[in-house]
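Engineer: heads up, no residue letters with this:
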């Protein structure tokens, strides 16, 4: 396989036709996918996830005993200064109290870390899209696309 791959140049960035329309319209905004190779960018997204999960446990998130129909898929756009640009629930849990809890957790934790200099030089907004699972503790899972 290595011999077959020699001489083939694989670009680091996908062509513009394969990028999401929003990112093509605003090159300073990125939606971080599960296959992201940029290490500083992935580290920032992971610190966001850790803060949400840790603080949700400390808040003592209490949802009613009726389980949600499905785990919500949530997109959080964070500006380079760490403020929240927008929160979008892409797939609802099927329960208003669970969806409200997601928004409340994001805003209670608001003022996330500012982007590292090498990330801020390239992006103004990072869109973090994750599946929120509520079991014994809150977990944010990467969505496989």
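Structural biologist: Received, thanks. Bear in mind the structure is a predicted one, so any value in this text is a computation, not a measurement.

Engineer: so who does residue 79 touch?
Structural biologist: Shown in contact with residue 79 (C-beta atoms under 8 Å, 6 or more residues apart in numbering): 85, 124, 125. C-betas here are computed from N, CA, C, even on glycine.

Engineer: try 6 Å
Structural biologist: 85, 125 (C-beta atoms under 6 Å, 6 or more residues apart in numbering).

Engineer: distance check, it against residue 94.
Structural biologist: Residue 79 sits 30 Å away from residue 94, going by C-beta to C-beta, to the nearest Å.

Engineer: so who does residue 92 touch?
Structural biologist: Residue 92 makes contact with 72, 99, according to C-beta under 6 Å, 6+ apart.

Engineer: please report phi then psi for it.
Structural biologist: phi -70, psi 160 (degrees, to the nearest 10).

Engineer: how close does it sit to residue 82?
Structural biologist: Residue 92 sits 27 Å away from residue 82, going by C-beta to C-beta.

Engineer: what packs against the lengthiest helix in the chain?
Structural biologist: The longest helix of the chain (DSSP state H) is helix 39-59. Packing partners of helix 39-59 (3 or more C-beta pairs under 6 Å, 6 or more residues apart in numbering; DSSP states H and E): helix 117-120, strand 138-142.

Engineer: okay, buried residues for it please.
Structural biologist: Of the residues in helix 39-59, 41, 44, 45, 48, 49, 52, 56 count as buried by neighbour count, 16 or more other C-beta atoms under 10 Å.

Engineer: doesn't residue 83 make contact with residue 112?
Structural biologist: No - assessed by C-beta atoms under 6 Å, residue 112 is found out of contact with residue 83, at 7.8 Å.

Engineer: which helix or strand contains residue 97?
Structural biologist: helix 96-108 (DSSP states H and E).

Engineer: now that helix: how far from the chain's centre is it?
Structural biologist: 15 Å (C-alpha atoms, centre = their mean, to the nearest Å).

Engineer: thank you, goodbye.
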